[in-house]
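A.B. asks: below are the sequence and a predicted model for it; my questions follow.
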Amino acid sequence: MKIKKLKSLLFLIFSAFILISAPNLINPVFSHAAAVKPEQGGNMEKAGKNFGAYILKKDVLLKLNKNYGLKAYITESVKILSQRGINKYSEVIVPFSEKYQKIKLLYAYTLLKGMFKVPVGKHAVNIVSPDFAVNYPAYSDIKYLTLSMPAVEDGSVINFSYEIDNFKPLIKNGVFYTNYFSYTIPVRKIDFSLIYPEGINVNLYLHKLSKYAVSKKFVYIKNKKFVELDASLSNIAAIKKESYMPPIKNLRSYIAVSTYNSWNNLLNKVNAMFIKAEKPTGKIKEFVKSALKNDKDKNGRQKAASIYYSFVKSFRYIGIGYGINGYKPEPAGTTFANGYGDSKSLAALLITMLKVVGIDAYPVLMPSLNTADLNIKNVSLKQFDSVIVGFTLREKGKNKEYYLYPDSSSYKAFKIPFGLAGRKGAAILRRNGFKFISTPTEKPNQNEKIFLLKGRIGKNGTLKGRISIIYKGLYSNFERTSLKNINNYRKKIKAANFLYDFIPGAGIETFKYKNIKKINKNVKLNIKFFDRNYGVLKGDKLVFHSVIPVDMSLTRLVLKRKRLYPLIIGYPFEHIGKIKIKIPEKSDIYYLPTPLKFNNEAGSAYSNCSFLKNKDELSCLYKFESKKPAVSVKDYKKYRQIIKAYVEYLKNYFIAVSNVYFY
């Protein structure tokens, strides 16, 4: 889970970088999503109070030269309104790459009472390495410019300005840049300008902005003709944050600048870099031969699986975000020798291995659930933060597409993370160019948590038995990630915490986690337990709750009564409980609640218990199904209702056994 969080963080960092790419000589091209007018008027001070601050003014000036060098000049003023704003905005952090960028602080000061300037001290301006660079040496070039703003108090204004010069392109001869107009705090005014020589291609994509928001004029600089594009917005409402909401990038208004107006031209560049990297060495061929030593007669799919399982055991993922080291993958031989690589370098190595056995694999560029959906009108590589491997096999007279995820040791062959499932991407098909694809969507039964219990309850309320929990799909990946680097003592604590959640007085006799390192199998937990005081005697009756864990994560999903945005879970899933409990002989079930049955577009819930008198056995089945990775605002009320009913049912479900004293 730390890797996933770090991956999200670094992708946001690299999205801030100014990336450079190749030219096409045409006039500016505009494409745009549905226009959204910013909220006008209102009291900005009052609006900003809820957020602790607001952006008073922001200016972004981009200067593009004929050689596709880009300089960005950023000037920002932030009005502080409360302690919350002081805590969040008095430390300014600007990420940059020493390998590709130069940064220069132009000025920084705090304005007090509208008239007193307090400049930032020289010891308050630092270039530092981020914490993650210690464990991820591939990021040693990533630095932070940090400004500790002085004398920040309620009513003060933080002012700073800096220049970023992109002296080395991440992709040859071109530019990608995104300027945002809306933030999670209100904005009084943002001005954006782009100046470039006439004749250079500039493709603009407008997201939640009208094309009329951008004006164009010609200017002369040193007797040379330039194009100037300007946009200015005022009184922009803050994007309200909400738990389990869509990516902020989907909701923000922005201008994306690209020097490409053709995906074919852009992806041809990427294709050439991958082909250059995919050169098999003798050691790579030996590795493939060893992986297939017992699979000589197997088909293409089986060979791909064998190579994949050997691959993920041998090579470590250390990259976060698609833009590290530019868009150029390391040569396959280099990644093989290092034993690690980032997303694109691992993909290039795995593709090379598959090609050794005649499988024509190819890279697939993907945006994960951590970032915005792919928009084909925005011709930019900045939309992608992952690379997976695809290939097509002819099976039973039909072409079938398969995908492999080279970045992790937790996923089965042909399974990809839920954050990439059902997402649009770009498959680079080599001789046939490229195509936009959608990865397979997940079904609820792919992500199951299955709880199995067989036990016996005694006449004095003792309960003992065996529990098995089977984790499938993403649940198996989550458990494997949390378990593979901990010792046996910590594993026991983890198992005990799980058990105590629903049987607080239980003791563990034995426990065992299975298949932690076998990624082609589901992780399982087996527990042998006892509880001397599970049931409560009430006269001639023994009363006890049904033995089923209540997953409180379901409750956390629906704490809000109403939502502003769709509920983004990310994956469909099923929770299943199957319980069999022997009760004392010659006794009978006195009380069983009525069955529960809910079903709607968003999910379903089912619970029922029955008693087999001839076997003295209580049998219960529980099932909750969440049908979709995202729940619309319209369906949220139904989804909340079904979870609420299911959780309340489990927590209040009790059973009474009578005549436990009469034998």
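C.D. replies: Yep, it's here. These numbers come from a predicted model, not from an experiment.

A.B. asks: and the residue nearest to Glu45 when sequence neighbours are not counted, what does it touch?
C.D. replies: In space, and not counting its chain neighbours, Glu45 is closest to Leu81: 6.8 Å by Cβ to Cβ, 6 or more residues apart in numbering. Placement of C-beta: from N, CA and C, glycine included. Counting by Cβ atoms under 8 Å, 6 or more residues apart in numbering, Leu81 makes contact with 45, 48-49, 51-54, 154-155.

A.B. asks: could you redo the last one with a cut-off of 7 Å?
C.D. replies: 45, 48-49, 52-53, 154 (Cβ atoms under 7 Å, 6 or more residues apart in numbering).

A.B. asks: state the distance from the nearest residue to Asn250 once chain neighbours are set aside to Leu381.
C.D. replies: Nearest in space to Asn250, with sequence neighbours left out and distances taken as Cβ to Cβ, 6+ apart, is Ala372 at 4.8 Å. To Leu381, Ala372 is 14 Å away according to Cβ to Cβ, to the nearest Å.

A.B. asks: where exactly do the helices run in the stretch 501-650 of the chain?
C.D. replies: 552-557, 633-652 (DSSP state H, counting those that start in this stretch).

A.B. asks: ah, wrong one, I meant the stretch 151-300 of the chain
C.D. replies: Under DSSP H, counting those that start in this stretch, the stretch 151-300 of the chain gives helices at 248-251, 263-277, 282-291, 300-314.

A.B. asks: how far does the first one sit from the chain's center?
C.D. replies: Read it as helix 248-251. Distance of helix 248-251 from the chain centroid (Cα atoms, centre = their mean, to the nearest Å) equals 14 Å.

A.B. asks: same question for the third one.
C.D. replies: For helix 282-291, the separation from the chain centroid amounts to 33 Å (computed by Cα atoms, centre = their mean).

A.B. asks: quick check: angle from it to helix 300-314?
C.D. replies: Here helix 282-291 points in a direction 120 degrees away from that of helix 300-314 (axes from the mean of the first three to the mean of the last three Cα atoms, to 10 degrees).

A.B. asks: buried residues in helix 282-291, which are they?
C.D. replies: 284, 287-288, 291 (16 or more other Cβ atoms under 10 Å).

A.B. asks: other residues contacting it?
C.D. replies: Contacts of helix 282-291 (Cβ under 7 Å, 6+ apart): 306-307, 310, 332-333, 336, 352-353, 356-357.

A.B. asks: quick one on the thing from earlier: going by mean pLDDT, which of the helices of the stretch 151-300 of the chain comes out lowest?
C.D. replies: The minimum mean pLDDT among the helices of the stretch 151-300 of the chain belongs to helix 248-251 (a mean of 88).

A.B. asks: what does it contact?
C.D. replies: 184, 239, 371-373.

A.B. asks: among these, which ones are buried?
C.D. replies: Here, 16+ other Cβ under 10 Å leaves 239, 371-372 buried among these.

A.B. asks: and of the helices of the stretch 151-300 of the chain, who's closest to Thr75?
C.D. replies: Taking Cβ to Cβ, helix 248-251 is the member of the helices of the stretch 151-300 of the chain nearest to Thr75, at 22.9 Å.

A.B. asks: buried ones in that closest one?
C.D. replies: In terms of neighbour count (16+ other Cβ under 10 Å), helix 248-251 has its buried residues at 248-251.

A.B. asks: put the alpha carbons of that helix into CSV.
C.D. replies: This file holds the C-alpha atoms of helix 248-251, laid out as CSV (Å, rounded to 0.1, in the frame of the first residue of the first chain):
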residue,chain,number,x,y,z
ILE,A,248,-9.6,16.1,-8.9
LYS,A,249,-8.2,16.4,-12.4
ASN,A,250,-11.5,15.2,-13.8
LEU,A,251,-13.2,18.2,-12.1
